[in-house]
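In: this one's sequence-less:
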């Protein structure tokens, strides 16, 4: 089973994955969480400064996760496409080619959960942007990708609320 969480910056994706890691229902899963600091320290530009080379690295990470037997990840190919589409240094035609290529792996997710930013404060982790307008732009882009590529998803679910409410919804969807 391949489960991914998609959403804009600072919505609690990593926190949610770490909480699921503690549950016995998910004991046989591999968990992949935020690697932004590591990648930034390698010199890969993030957020609006991202480059096509950097986004290819992010895409390769997501695709490699999809090669695992059972995985839960706090980033999806949807996120990579959204950040690519909003990167200032990437030409429009390159963005569209990248999206077309990346979208071929969307069907590999058994479940994609979209996490809404509604009611969630931006938290500064020292790596991601804390620009509220950029956060909103990424969220809109993610939702646009869900509309454009919706037929490529096996199972898609929107979640919100507290960590406990999110976990309850995930368990209902995955185990029912």
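Out: Received it, and whenever you're ready, just let me know what you need. The structure displayed is predicted, hence computed values, not measured ones.

In: run through who's touching stretch 156-164.
Out: 12, 15-16, 19, 111-116, 118-119, 146, 150, 165-166, 169-170, 173 (C-beta atoms under 8 Å, 6 or more residues apart in numbering). (Glycine included, C-beta is placed from N, CA and C.)

In: can you give the distance of it from its chain's centre?
Out: How far stretch 156-164 lies from its chain's middle: 14 Å, per C-alpha atoms, centre = their mean, to the nearest Å.

In: excluding chain neighbours, what is closest to the spatially most central residue of the chain?
Out: In the chain, the centroid-proximal residue (C-alpha atoms, centre = their mean) is residue 75; its distance is 2.8 Å. Distance criterion C-beta to C-beta, 6 or more residues apart in numbering; nearest residue to residue 75, sequence neighbours excluded, is residue 62 at 6.3 Å.

In: show me what the helix or strand hosting that neighbour is packed against.
Out: Using DSSP states H and E, residue 62 sits within helix 52-65. The elements that helix 52-65 packs onto, with contact taken as 3 or more C-beta pairs under 8 Å, 6 or more residues apart in numbering; DSSP states H and E, are helix 36-41, strand 71-73, helix 77-85, helix 92-102.

In: out of those, which gets the lowest mean score?
Out: Per-stretch mean pLDDT for the helices and strands packed on helix 52-65 is lowest at helix 36-41 (a mean of 62).
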